[in-house]
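In: Quick one: sequence and predicted model below, then my questions.
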Amino acid sequence: MAGFVFYDTETTGLKFGWDQIVHFAAIRTDENLNEVSRFEARCRLQPHTIPHPAALLTNRLPISRLTDHDLPTHYGMICAIREQLLAWSPAIILGYNSMRFDEEMLRHALFQSLFPAYLTSNHGNSRTDVLNLALAAAALPPHCLNVPLNESGRPTFRLERLAAANGLNAREAHDAMSDAETALTLARIVRDRSVDVWQRFVRFSKKATLADFVVAEDAFVLTEFFGNDAYHRAVTCIGSIPDNVNGRFCLDLSDDPDGWAVMNDDTLRLAIARKGSPVRRIAVNAAPAVAALWEAPEAMLGGLEIDLLEARGRRIRDDVELSARIVQAYTAGWQPRTPSLHPEDQLYFGGFPLPPDESRMQEFHAASWAGRARIAEEFDDARLVAFGRRLVHVEHRSALDEAARLHSDLALADRLLNDAGGGLTLGLALAAVDEMCTTGTPDPQGLLLSYRDWLIQRTERVEEFLQRRRQGGVA
């Protein structure tokens, strides 16, 4: 086995495609979770990115640090991250809540830097999530993690609280390296306390293994988590999700399949397309929590015998027409999503770059900045044109001709001042700061006031630039 890479990020906010990574940290281990090496990188703020004040407070980041020009640019940091992850490949790449957050931030950062977005799924890598491991370890025998309760008496899986409940003293919560260290230590705890839970977690981190499993098994247990509570179902796979190569439909086997078979289409639709539907969706590339029936305790099987569940699974799978009717009933009301007009929102729209553009992406990184300005105009994919132009404008503005410079300057000013349904603007950020100050949000370091001053000064500079343009001046 190739080993693991535990990683974490700090970001300017939560909006994929619009916020940015400002701190990345990763720890490489061998297959026995012994540390081999570590990597850390920071960068300064991109000109078009306005941090959310809540992110500054959470990560204890003063705006002066994010605008420190001694730090690398975002593009420089992403290049370094990519180089390190490729050097560590193949590996199982994971973090705490990484599938839902850090992975998405990294994909968008790579794509907007004109690199292939899916590094953690390619080059022999697989990906999974320590949060999924923690949820499974708490829910499945031998229940080997202590789960703390929040102020409302509900289980909480916040990393710092879960670590403390299991005897760990996190060095500094919401620091990328500290959180990567804590995720690694939690993984070691689960491995030491329950070899079965750990081995199942590692096994199903591999997309191909999981895809084969859900097809080969007549029935298996799917564990889903809602509000940190675990819900177990014996299910069988009944088909693929349209336009999603990694998506699968599974059917809850609690009910006798013969009951579905005798329903007419309208009745079937009412029974299937509802809240708490017996049809469950999984992504084989997202490491869902699954287990073979024989591995699951009786409590997870809903009081039904394994032989009966397997027979129900075979009954459904053998009746291709019934499976198709159930899928049709479930998807009948689905409407196609309208793509955003913003390239930042189009990672999952427009498909993968075609081979000619893939070659241009490689040429872009090898070229001079003047050459990159030229290549940015040659992409067939409009997303890559937009990102290429922006990279040149941010990294080496002088490589653009006067008209292109002015166009990019005006586009940046418009983005910073005018809310077009994309990223945070200067005005929206200032309003958020004022609201947090008014409501008494704790700010012992004075981060909000210094950020407020910066927002006002930046707004004034942008407005002065626009005023000069209106008066016919040169920027």
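Out: Nice, I can see it.

In: Could you identify the longest helix within the protein?
Out: Counting by DSSP state H, the longest helix found in the chain is helix 447-470.

In: Residues in contact with that one: which ones?
Out: With C-beta atoms under 8 Å, 6 or more residues apart in numbering as the test, helix 447-470 has contacts from 50-51, 53, 56-57, 60-64, 67, 409-410, 413, 416-417, 426-427, 429-430, 433-434, 436-437, 441, 443, 474-475. Placement of C-beta: from N, CA and C, glycine included.

In: show me the contacts for residue 108.
Out: Contacts of residue 108 (C-beta under 8 Å, 6+ apart): 16-17, 117, 344, 347.

In: Who wins on neighbours among these?
Out: Using other C-beta atoms under 10 Å as the neighbour test, these are led by residue 17, with 22 neighbours.

In: and it, how far is that from residue 162?
Out: 29 Å (C-beta to C-beta, to the nearest Å).

In: cool, and residue 309?
Out: Relative to residue 162, and taking C-beta to C-beta, residue 309 is found at 33 Å.

In: Residue 388 now?
Out: 42 Å.

In: residue ranges for the helices of the stretch 301-450 of the chain, please.
Out: Secondary structure of the stretch 301-450 of the chain (DSSP state H, counting those that start in this stretch): helices located at 306-318, 320-331, 355-366, 369-376, 382-395, 402-417, 426-438, 447-470.

In: nearest to residue 214, of those helices?
Out: helix 306-318 (11.0 Å; C-beta to C-beta).

In: Show me the contact partners of the closest one.
Out: Contacts to helix 306-318, defined as C-beta under 8 Å, 6+ apart, come from residues 217-219, 234, 236-238, 251, 253, 256-258, 260, 293-294, 301, 322-323.

In: For residue 65, identify the helix or strand it belongs to.
Out: Here residue 65 sits within helix 63-66, counting by DSSP states H and E.

In: any idea of the mean pLDDT in that helix?
Out: Averaged across helix 63-66, the pLDDT comes to 98.

In: Flag every buried residue along the next helix or strand along the chain from that helix.
Out: Next in sequence after helix 63-66, counting helices and strands by DSSP H and E, comes helix 74-88. If you call a residue buried by 16 or more other C-beta atoms under 10 Å, then helix 74-88 has these buried ones: 74-75, 77-82, 84-85, 88.

In: show me where pLDDT drops low in the stretch 101-250 of the chain?
Out: The model of the stretch 101-250 of the chain has pLDDT under 70 over residues 170-173.

In: And the strands in it?
Out: Taking DSSP state E, counting those that start in this stretch to define them, one finds strands in the stretch 101-250 of the chain at 126-129, 220-226, 229-240, 247-252.

In: just checking, what packs against the shortest one?
Out: Contacting strand 126-129 under the criterion 3 or more C-beta pairs under 8 Å, 6 or more residues apart in numbering; DSSP states H and E are the following elements: strand 92-95.

In: coming back round to it: the helix holding residue 65 - contacts with which helices or strands?
Out: helix 447-470.

In: How about the helix it packs on, which residues are buried there?
Out: 447-448, 451-452, 454-455, 458-459, 462, 465-466.

In: Please render the helices of the stretch 301-450 of the chain as TSV that adds mean pLDDT and distance to residue 199 to the earlier fields.
Out: Below are the helices of the stretch 301-450 of the chain laid out as TSV (pLDDT from 0 to 100; distance: least, C-beta to C-beta, whole Å):
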stretch	mean pLDDT	distance to residue 199
helix 306-318	97	21
helix 320-331	96	31
helix 355-366	98	37
helix 369-376	98	47
helix 382-395	98	41
helix 402-417	96	48
helix 426-438	97	45
helix 447-470	96	44
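
In: Those into TSV, with extra columns for distance to residue 26?
Out: Shown next, in TSV, are the helices of the stretch 301-450 of the chain (distance: least, C-beta to C-beta, whole Å):
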stretch	distance to residue 26
helix 306-318	40
helix 320-331	39
helix 355-366	21
helix 369-376	28
helix 382-395	24
helix 402-417	31
helix 426-438	29
helix 447-470	26
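
In: out of those helices, nearest to residue 122?
Out: Between these, helix 355-366 lies closest to residue 122; by C-beta to C-beta that is 12.6 Å.

In: Other residues contacting that closest one?
Out: 79, 114-116, 353, 371-372, 375-376, 378-381, 384, 388.

In: how about it: buried residues?
Out: 357, 360-361, 364.

In: Kindly report the same for stretch 193-212.
Out: If you call a residue buried by 16+ other C-beta under 10 Å, then stretch 193-212 has these buried ones: 194, 197-198, 200-202, 204-207, 210-211.

In: can you name the two of those that are farthest apart?
Out: 194 and 211 (24.9 Å).

In: Specify the local secondary structure of residue 8.
Out: Secondary structure, DSSP: H, G, I helix; E, B strand; the rest coil: residue 8 is strand.

In: Could you number the chain from 17 rather than 1 from now on?
Out: Yes, from this point I'll number from 17; that puts the last item at residue 24.

In: which ones are touching it?
Out: So residue 24 contacts 40-42, 111-112, 114, 118, 192-193, 195-196, 199 (C-beta under 8 Å, 6+ apart).

In: Please apply the same query to residue 308.
Out: Residue 308 neighbours (C-beta under 8 Å, 6+ apart): 233, 236-237.

In: count of neighbours near the nearest residue to residue 310 once chain neighbours are set aside?
Out: Nearest residue to residue 310 in three dimensions, chain neighbours excluded: residue 322, at 6.6 Å (C-beta to C-beta, 6 or more residues apart in numbering). Residues within reach of residue 322, counting by other C-beta under 10 Å, total 15.

In: need the helices for the stretch 117-266 of the chain, in chain order.
Out: In the stretch 117-266 of the chain, the helices defined using DSSP H, counting those that start in this stretch lie at 119-128, 146-155, 175-181, 192-209, 211-219, 223-232.

In: Columns distance to residue 345 on top of those helices, output as CSV?
Out: Converted to CSV, these look like this (distance: least, C-beta to C-beta, whole Å):
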stretch, distance to residue 345
helix 119-128, 31
helix 146-155, 30
helix 175-181, 39
helix 192-209, 39
helix 211-219, 32
helix 223-232, 21
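
In: Nearest to residue 243, out of those?
Out: Among the helices of the stretch 117-266 of the chain, the nearest to residue 243 by C-beta to C-beta is helix 146-155 (11.2 Å).

In: Next, the angle strand 236-242 makes with that closest one.
Out: 110 degrees (axes from the mean of the first three to the mean of the last three C-alpha atoms, to 10 degrees).

In: Sweet, I'm off.
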